[in-house]
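Undergrad: Coordinates for the following, if possible.
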Amino acid sequence: MALEFFGMDPDTDTDHCPSVWVDAENADLVLQGWKADDQTEAECLQTGSIPDYEAVIRIPARMVPMIREACDAAERAQLR
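TA: Residues are numbered from 1 along each chain as shown. As a prediction, this is how the structure comes out:
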């Protein structure tokens with residue numbers, strides 16, 4: 001697997017920060033974020049279950065530009 005790095009939250013330290021990558025092999029987005037709190041997870045559970053192999057994470061809104069850039073790159077990769 002080869003991950004292309006698109007950025008990390010500029011308002012956190014470099015050891016503990018939400019980040020975004022795109023997998024070069026299949027164009028999947030790979031996100032690192034803060035674990036959702038119990039209230040957020042409970043609200044998410046209202047629309048479906050969260051299997052053990054999935055997680056609800058929170059990404060700060062200030063990262064939208066880099067996530068958008070990663071989404072555009074992933075979309076371009078799928079069109080090839």
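
Undergrad: Just give the nearest non-adjacent residue to residue 55, would you?
TA: Nearest residue to residue 55 in three dimensions, chain neighbours excluded: residue 35, at 6.9 Å (C-beta to C-beta, 6 or more residues apart in numbering). Placement of C-beta: from N, CA and C, glycine included.

Undergrad: list the contacts for the one you found?
TA: Residue 35 is in contact with 55-58, counting by C-beta atoms under 8 Å, 6 or more residues apart in numbering.

Undergrad: Please name the bridge partners of it.
TA: Residues in a beta bridge with residue 35, per DSSP bridges, are residue 57.

Undergrad: From residue 4, how far off is it?
TA: Distance from residue 35 to residue 4, counting by C-beta to C-beta, to the nearest Å: 25 Å.

Undergrad: List of residues touching the helix with the most length in the chain?
TA: The residue-count maximum for a helix in the chain (DSSP state H) belongs to helix 64-79. Contact with helix 64-79 is made by 4, 6-7, 20-22, 24, 27-29, 31, 59, as judged by C-beta under 8 Å, 6+ apart.

Undergrad: what about burial for these, which qualify?
TA: Listed as buried from the contacts of helix 64-79 are 6-7, 20-22, 27, 59; burial here means 16 or more other C-beta atoms under 10 Å.

Undergrad: So residue 12 belongs to a helix, correct?
TA: No: residue state for residue 12 (DSSP: H, G, I helix; E, B strand; the rest coil) corresponds to coil; a helix is not indicated.
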